[in-house]
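> what would the 3D arrangement of this be:
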Amino acid sequence: MSQNKVKLKVEKELCKGCGICVEFCPKNVLTMENGKVKIADIENCIKCGQCELRCPDYAIFLGGNDDEK
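As a prediction, the model looks like this:
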């Protein structure tokens, strides 16, 4: 799978709102809204995987691709 086609996904039901992913995102792609992580600026995502790596609840990950519906 091509790295540039990989999608950032959030499983909101798994998110406990710790904000670790937001703090580690180097491009400020993520924000917190109503106690859950939200993808606020996907165009700036460099798909570095820091959010996925740091999430203690496995609530955010890179997977699938932009061609999927």
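> give me the neighbour count for the closest residue to residue 41 other than its chain neighbours.
In space, residue 41 comes closest to residue 29 once its chain neighbours are excluded; the distance is 5.1 Å by CB to CB, 6 or more residues apart in numbering. Where you see a C-beta, it was placed from the backbone N, CA and C, and this is true even at glycine. Number of residues near residue 29 (other CB atoms under 10 Å) recorded here: 22.
> I figured residue 29 hits residue 47, correct?
No - applying CB atoms under 8 Å, one finds residue 29 not in contact with residue 47, separated by 9.7 Å.
> can you list residues touching both of those two?
residue 8 (CB atoms under 8 Å, 6 or more residues apart in numbering).
> average pLDDT for stretch 26-44?
The average pLDDT for stretch 26-44 rounds to 96.
> what comes up buried for that stretch?
29, 30, 36, 37, 39 (16 or more other CB atoms under 10 Å).
> out of the residues you listed, what pair is the most spread apart?
The widest separation within these, taken as CB to CB, falls between 29 and 36 and amounts to 14.9 Å.
> output the buried residues of stretch 26-44 as a markdown table; include the columns distance to residue 60.
Listed next are the buried residues of stretch 26-44 as a markdown table, based on distance: CB to CB, whole Å:
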| residue | distance to residue 60 |
| --- | --- |
| 29 | 10 |
| 30 | 8 |
| 36 | 10 |
| 37 | 6 |
| 39 | 9 |
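> and those residues as a markdown table, adding secondary structure and distance to residue 12?
As requested, the buried residues of stretch 26-44 are arranged in a markdown table below (DSSP: H, G, I helix; E, B strand; the rest coil; distance: CB to CB, whole Å):
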| residue | secondary structure | distance to residue 12 |
| --- | --- | --- |
| 29 | coil | 16 |
| 30 | strand | 13 |
| 36 | strand | 5 |
| 37 | strand | 8 |
| 39 | strand | 11 |
